[in-house]
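In: Give me a model of this one.
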Amino acid sequence: MDQFDTLELSDNEITKLDNFPRFTRLRTIILNNNFISRISSSIGSNVPNLENLVLTNNKIINFIRQNLNNKIINL
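Out: Numbers count the residues shown, from 1 in each chain. Reported below is the predicted structural model:
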């Protein structure tokens with residue numbers, strides 16, 4: 001499963017970004033048009049090479065960048 005560098009999950013009615021498996025190759029996650037209001041604090045360690053996290057048109061109220069790793073370039 002760790003063969004992807006981009007994961008596109010737009011338009012899926014996802015409510016939280018939680019319980020992510022370990023993806024060492026994954027660099028981009030696209031989550032447009034969902035209902036995400038919460039991002040797990042473990043996402044940075046489970047997706048260590050994440051550079052782009054696209055969250056356009058979601059329900060995020062409070063975002064703490066500490067949940068992500070320091071490599072993230074675009075949010």
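In: Helices along the protein, start to end?
Out: 43-46 (DSSP state H).
In: what ranges of it fall below the confidence cut-off?
Out: Where the chain drops to pLDDT under 70, the residues are 1, 62-75.
In: Show me where it has its strands.
Out: 6-8, 16-17, 28-30, 38-39, 52-54 (DSSP state E).
In: quick one: which of those is nearest residue 61?
Out: strand 38-39 (9.0 Å; C-beta to C-beta). (Glycine included, C-beta is placed from N, CA and C.)
In: That closest one: how far from the chain's middle?
Out: Distance of strand 38-39 from the chain centroid (C-alpha atoms, centre = their mean, to the nearest Å) equals 9 Å.
In: sorry, back to before: need the strands of the chain in TSV with distance to residue 46 and mean neighbour count, can you?
Out: Shown next, in TSV, are those (distance: least, C-beta to C-beta, whole Å; neighbours: other C-beta atoms under 10 Å):
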stretch	distance to residue 46	mean neighbour count
strand 6-8	12	13
strand 16-17	10	18
strand 28-30	11	18
strand 38-39	12	18
strand 52-54	13	16
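In: Would you reformat those strands as a markdown table and include distance to residue 61?
Out: Formatted as a markdown table, those follow (distance: least, C-beta to C-beta, whole Å):
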| stretch | distance to residue 61 |
| --- | --- |
| strand 6-8 | 24 |
| strand 16-17 | 12 |
| strand 28-30 | 19 |
| strand 38-39 | 9 |
| strand 52-54 | 16 |
